[in-house]
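Student: Build me a model from this:
(4 chains)
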Protein chains: 4
Amino acid sequence: MKCHFFNDYSEGAHPRILEALQRCNDSQETGYGEDSFSLQAALILKSKMGTADVDVHFLSAGTQANFIAMAAMLRPYESVIAADSGHIAVHEAGAVESTGHKINTIAVAQGKLTPKDIQGVVDSHTDEHMVKPRVVFISQATEVGTIYAKAELEVISNVCKKNDLYLYVDGARLGSALMSERSDVTISDIAQFADMFYIGGTKNGALLGEAMVIVNPVLKKDFRYFLKQRGALLAKGRVLGVQFVELFIDDLYFDLAKHANAMAKKLSDGIVALGHSFLADSSTNQIFPILPNALIEKMKVDYGFYVWGKIDADHSSIRLVASWATKESAVDEFLTDLRTRS
Amino acid sequence: MKCHFFNDYSEGAHPRILEALQRCNDSQETGYGEDSFSLQAALILKSKMGTADVDVHFLSAGTQANFIAMAAMLRPYESVIAADSGHIAVHEAGAVESTGHKINTIAVAQGKLTPKDIQGVVDSHTDEHMVKPRVVFISQATEVGTIYAKAELEVISNVCKKNDLYLYVDGARLGSALMSERSDVTISDIAQFADMFYIGGTKNGALLGEAMVIVNPVLKKDFRYFLKQRGALLAKGRVLGVQFVELFIDDLYFDLAKHANAMAKKLSDGIVALGHSFLADSSTNQIFPILPNALIEKMKVDYGFYVWGKIDADHSSIRLVASWATKESAVDEFLTDLRTRS
Amino acid sequence: MKCHFFNDYSEGAHPRILEALQRCNDSQETGYGEDSFSLQAALILKSKMGTADVDVHFLSAGTQANFIAMAAMLRPYESVIAADSGHIAVHEAGAVESTGHKINTIAVAQGKLTPKDIQGVVDSHTDEHMVKPRVVFISQATEVGTIYAKAELEVISNVCKKNDLYLYVDGARLGSALMSERSDVTISDIAQFADMFYIGGTKNGALLGEAMVIVNPVLKKDFRYFLKQRGALLAKGRVLGVQFVELFIDDLYFDLAKHANAMAKKLSDGIVALGHSFLADSSTNQIFPILPNALIEKMKVDYGFYVWGKIDADHSSIRLVASWATKESAVDEFLTDLRTRS
Amino acid sequence: MKCHFFNDYSEGAHPRILEALQRCNDSQETGYGEDSFSLQAALILKSKMGTADVDVHFLSAGTQANFIAMAAMLRPYESVIAADSGHIAVHEAGAVESTGHKINTIAVAQGKLTPKDIQGVVDSHTDEHMVKPRVVFISQATEVGTIYAKAELEVISNVCKKNDLYLYVDGARLGSALMSERSDVTISDIAQFADMFYIGGTKNGALLGEAMVIVNPVLKKDFRYFLKQRGALLAKGRVLGVQFVELFIDDLYFDLAKHANAMAKKLSDGIVALGHSFLADSSTNQIFPILPNALIEKMKVDYGFYVWGKIDADHSSIRLVASWATKESAVDEFLTDLRTRS
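Tutor: Below is the predicted model:
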């Protein structure tokens, strides 16, 4: 195997993360997220978002972040609206339902919800014989690598406000989305439009860790109870705090995302140049080229990637994921082999 | 502040843990606990337990481990029997209840359940108007530092088998329990008596991590679904695997626990020599001396520890916790100051 | 208002039900479903099904029956497959999700699932990142009045067995389905194909009451715990038992369903004769004619019914429901008015 | 068997209830609790309570009422405080826990909580590592037949208000409590002190039915969603409405309770006259005399009652329950036999 493009969590952490853990190791700290590093990380994140008026909590994993957020935002009979390709709808083993809540799924193109989609669900839920939609769940970037533009987020935010819905943004790959060359969205914008969202660390250089940001004051109260009750308070919460300090004390987080995007872009450009098309219009670190099955078989000999779906008898889409750890030489080698084996 | 005896998770990880994470950092691994390190760690643990016939999974935290285990062992109307001082009964914010299950608590001395306690709960739950007890939850070591002897575990195991109850052992501080100078219990014994238990890493040198061991074949099926659904599958599961390899590849885990116990013993002996008594008969790394309130106040100036409970108008119990990171010099200094200030 | 065709639960109970309640009123009975009437009703039902090898329990309402059945059949990470028009998917306010389970919905025509639909869901759920489908939920009759033929039930039962899925039948309108002139299915067939199902009383002459039949031996154990825990054990369980004795001691239940079907058939034939078409091919007591909006408005002046959905700019479907209490004269009058006002 | 004193739900309904069901049977009504009878019953109850400012909903059973109320009042990490003898704590098969909530139980005498009990639980729950107590659950009458005096309710209400706790009253036997000759509490008082409570019908003459009263405006919103989601909305909600109209249109409800109390009093006085003592100081329709075991055995030959608990080697307590249906001649006969067989 020459190289993996399986995902953005194949390696450990960026070296600076490990150095930071070592540097801070001896400090005696309070447990359960009240350590000095977590407090400092929260302050830094607030500064990056340009607002002190949010709460920040650190969690271990994306599914954990999502189901705790839903549990905290919803009353028992309330539901969450999501794309049918949404992570919570398919790939979290029913985590949201395990907290008692229905997901109202919408079939979407390009992984993105529209205000019309959302309004449609609201309008068709009219009384207590049905659940009551209360949260809109979107991902930035989406499962297929696309991103919402600022104007799109704004109209979604408006339709949410109009219908008394909370807007939640799954930011497992928020770094990549923000650093997309097509993005006109800042982290401050996210903090303006969303009621709650998380900033993903695991898929952008951390060993583990996601930073939950609570914007809407109504949702801030007692959130630590949810963390504790659902197993998300680490005794050594410092492990998360130290990493987020390191990622955001300067622009490491954004630099890593830029690198991942650049590698995905280079892969994408090279594949376009060979005349292939794509499943989705991604501008982030995951791309979904459509290739002849025979070529896919040849490439699988030396490269790791997932076959995503069948397109027709002779073609399939594959997923290639770049990360902070992806080497440009690996990308070059992949493209050369792709051209040679075509 | 000269030194903390607050708890055994004040520092980061043992240096060898950090070195291991660095050493393994570049390896490209499969995600979600199927990495080579987690597989290797499971093999090593099985070897230490002297059985290949168990399943091993790695989780992030003790509360997470406990509530996932209960969700996996219990049908909706079934309950768990625990000491009223048990971690799940008091200090997990209702995590077990959040999965739908009642805890039948029993008032106990020294933190330990007896077969008679257990049989009493079973006998008083007679029909479908009441919950059906199905799991017995014990901690080794207990919340007050005591341990079950092998003979005690055996009779508890027997009463469980007789009544069709699963036996679960919370091993947050299992290392310390096994290394207690009074212990006649091995890790193989635990794997023989328990249906499921976990080996705590966080409180014995790891950054984070608990190893769940499933002994009873009935409980093995589909356990990874529970891990995923409750947010416990880390994308970089390697982070846990690497640490458990390092802790158990030689006897680091046990050496760290021995050190913690030795430091607690030294503290304990010194306090006994000064004529003080104890709340519980601990032989592990947590001790609970009873001191005059005036002395406690004087010690608090320079040392970190929790005041545990009021004994009488003039005395309180305090908790002192030693860990792998506790320095003998700090213990000496504490004892000297205690004597001087008495 | 001349007459309602809103639903089949507009009136109280069939007079024989009230007489039976009066007749049995003074008998002193054991509570919570262990009264002599409930026991007798269970025996009668077993005899009607031609098998003693099932368990029978009486519940108060259909949503209650459905969510308790799902709670009893599913482990926490397991899901239920249903038509997207299924009652549990839309009209139970998230009852199934409130017990922690996802519903995998399938877009269907005529309210009916096919083996291919079911196999498709199973095949796309491959590992622990997704829920594990475990129950297939169908309704007989469906939400749009259609019924499964015996051959259809057989192939569905087969695909369930092949994939280790339980088959559950919501029989809120089972009487009407069995008495459909197109039906080749008996109540014994249902008891052969389904693992669990319920026989609806509320919508066929009872004051309230549904009889849950557990066919699969695996599902019988401890079912009364679920009834108690979810509030379904009535202190005066006799109220349900007495009614089911009366409904099934002779063929009252089937006679009432026949009458309802006959009235719906007469309505349907009359509407066909006027040249209108239908939303679904119902042969039971609910029909869904498509009428010009202007005609609908005129009919609403004197008749009660629900407008079901928009067909085009000028037409909508309406729902007409007949019951044991529907008078033939009311049907005649409706048809006359429909013709006159066209 | 001469007569049962097993419980107050052995017979069917008071004859007037059955007559009312018959009288109203043909009326075509809206389903799911929005029928004219339920609306009328709510108005009558508000008038009896002397306030229009409450919401009234009708449910089928006490356990159903309790767990739905808890689900509606509590956020996921919040708990309910109850006596360890409380119905929700012991005899509801973990219904409250099945909605995700812990019950903080308190060992009490005479089945009654005190402000000190409540404050103690609140004071010992200090942070997010523990649940957050939010509801106080009391029963009027209690499980052992005792009642809270107005002054006792007032101080409990005060301690609740002071600590931001809701007060909930389980009124399964509220009629008997209010009609106790020792009671100084009116139904208006209950509606003043409680945030939510229910008025039990099943155990006081109805076929089935409990009226939930929501006093606190915060708790009124969306309550019907809870009813629907947990299976409590009956299609023929009229069945409950009709009965509550009949029970409260004049004072039938209170007259039935008075009769039950009078019969219990007669039993009690007769037993006292024979020199026996009692387990609890009941003034309602359940009494708990302590009798010699030999005498109990002799009485069991002809009378139905539960042996409640062991007192000493030679004595046990029994439970005798009187109801609206208890005949004075049966009481006389019991007392005569008790005297003769002593």
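Student: ok, the nearest residue to A:Asp184 once chain neighbours are set aside to D:Val272 distance?
Tutor: Closest residue to A:Asp184 apart from its sequence neighbours, by Cβ to Cβ, 6 or more residues apart in numbering or on different chains: A:Lys150 at 4.8 Å. Bear in mind the C-beta positions are built from the backbone N, C-alpha and C, glycine included. Distance of A:Lys150 to D:Val272, given as Cβ to Cβ, to the nearest Å: 81 Å.
Student: Equivalent analysis for A:Ala325, please.
Tutor: To D:Val272, A:Ala325 is 85 Å away according to Cβ to Cβ.
Student: Got the domain ranges for chain A?
Tutor: As given by automatic domain parsing, the domain ranges for chain A are A:3-9+A:253-341, A:15-250.
Student: Please say which of A:Ala325 and D:Val272 ends up with more neighbours.
Tutor: A:Ala325 (22 against 12; other Cβ atoms under 10 Å in any protein chain shown).
Student: quick one: the more buried one from A:Thr284, how far?
Tutor: For A:Ala325, the distance to A:Thr284 - Cβ to Cβ - is 16 Å.
Student: tell me the SS of the residue in the stretch 151-300 of chain A positioned nearest to chain D?
Tutor: Closest residue of the stretch 151-300 of chain A to chain D, Cβ to the nearest Cβ: A:Tyr225 (3.7 Å). Following DSSP: H, G, I helix; E, B strand; the rest coil, we place A:Tyr225 in the helix state.
Student: got it, and A:Asn104?
Tutor: A:Asn104 carries the three-state label strand when classified by three-state DSSP.
Student: and what of A:Ile296?
Tutor: helix.
Student: What degree of burial does it show, as a neighbour count?
Tutor: A:Ile296 has 19 nearby residues by other Cβ under 10 Å.
Student: OK, contacts around it?
Tutor: The contact partners of A:Ile296, taken as Cβ atoms under 8 Å, 6 or more residues apart in numbering or on different chains, are A:Val307, A:Ser316, A:Ile318.
Student: Show me where chain A has its strands.
Tutor: Per DSSP state E, chain A carries strands over the ranges A:3-4, A:55-59, A:78-83, A:103-106, A:132-139, A:166-170, A:196-200, A:210-214, A:277-278, A:286-287, A:289-292, A:303-304, A:306-310, A:315-321.
Student: rewinding a little: just say which of the domains of chain A is most tucked in.
Tutor: A comparison of the domains of chain A by mean neighbour count, using mean count of other Cβ atoms under 10 Å in any protein chain shown, puts domain A:15-250 on top with a mean of 22.
Student: pLDDT of that one, averaged?
Tutor: Mean pLDDT, computed over domain A:15-250, is 97.
Student: who wins for proximity to B:Ala232 among the domains of chain A?
Tutor: domain A:15-250 (7.0 Å; Cβ to Cβ).
Student: what about that closest one, start to end distance?
Tutor: Criterion Cα to Cα, to the nearest Å; first-to-last residue distance in domain A:15-250 is 15 Å.
Student: need the contacts of A:Ile296 in a markdown table with distance to chain B and pLDDT, can you?
Tutor: Supplementary listing: the contacts of A:Ile296 in a markdown table, determined by distance: Cβ to the nearest Cβ, whole Å; pLDDT from 0 to 100:
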| residue | distance to chain B | pLDDT |
| --- | --- | --- |
| A:Val307 | 16 | 96 |
| A:Ser316 | 21 | 97 |
| A:Ile318 | 18 | 97 |
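Student: which of these lies closest to C:Met73?
Tutor: For those, the nearest to C:Met73 is A:Val307 (34.3 Å; Cβ to Cβ).
Student: I figured the closest one hits A:Ser316, correct?
Tutor: Yes. A:Val307 is in contact with A:Ser316 according to Cβ atoms under 8 Å; the separation is 5.3 Å.
Student: Just to check, A:Gly171 is in contact with A:Ile190?
Tutor: Yes. Applying Cβ under 8 Å as the test, A:Gly171 and A:Ile190 come out as touching, 7.3 Å apart.
Student: what is in contact with those two at once?
Tutor: Shared contacts of A:Gly171 and A:Ile190, defined by Cβ under 8 Å, 6+ apart, are found at A:Gln140, A:Phe197.
Student: give the contact list for A:Thr146.
Tutor: Here A:Thr146 is in contact with A:Gln110, A:Gly111, A:Lys112, A:Ala280, A:Asp281, A:Ser282, A:Ser283, A:Thr284 (Cβ under 8 Å, 6+ apart).
Student: Could you check how far it is from chain C?
Tutor: 21 Å (Cβ to the nearest Cβ, to the nearest Å).
Student: Which residue, other than its chain neighbours, is closest to that residue?
Tutor: Distances taken as Cβ to Cβ, 6+ apart put A:Gln110 closest to A:Thr146, at 4.8 Å, once the chain neighbours are dropped.
Student: what sits against that neighbour?
Tutor: A:Gln110 sits next to A:Thr142, A:Val144, A:Thr146, A:Ala280, A:Asp281 when contact means Cβ under 8 Å, 6+ apart.
Student: again, but for A:Ile88
Tutor: By Cβ under 8 Å, 6+ apart, the contact list for A:Ile88 reads A:Asn66, A:Phe67, A:Met70, A:Val80, A:Ala82, A:Ala95, A:Val96, A:Ile103, A:Phe137, A:Asp170.
Student: I figured the fifth one hits A:Lys102, correct?
Tutor: No. The pair formed by A:Ala82 and A:Lys102 falls short of the contact definition of Cβ under 8 Å, at 10.5 Å.
Student: what residues are up against A:Lys46?
Tutor: With Cβ under 8 Å, 6+ apart, A:Lys46 has these contacts: A:Ala52, A:Val54, A:Val56.
Student: Enumerate the residues of the stretch 201-342 of chain A near chain B.
Tutor: Within reach of chain B by Cβ under 8 Å from any Cβ of the partner chain, the stretch 201-342 of chain A has these residues: A:202-203, A:207-208, A:225, A:228-236, A:238-239, A:304, A:325.
Student: Show me those residues that map onto helices.
Tutor: Those of these mapping onto helices are A:Tyr225, A:Lys228, A:Gln229, A:Arg238, A:Val239, per DSSP state H.
Student: Among those residues, which one lies nearest to chain C?
Tutor: Nearest to chain C among these is A:Gln229, at 15.2 Å by Cβ to the nearest Cβ.
Student: Quickly note the distance from the closest residue to the closest one other than its chain neighbours to chain C.
Tutor: Nearest residue to A:Gln229, sequence neighbours excluded (Cβ to Cβ, 6+ apart): B:Ala93, at 4.1 Å. As judged by Cβ to the nearest Cβ, B:Ala93 and chain C stand 19 Å apart.
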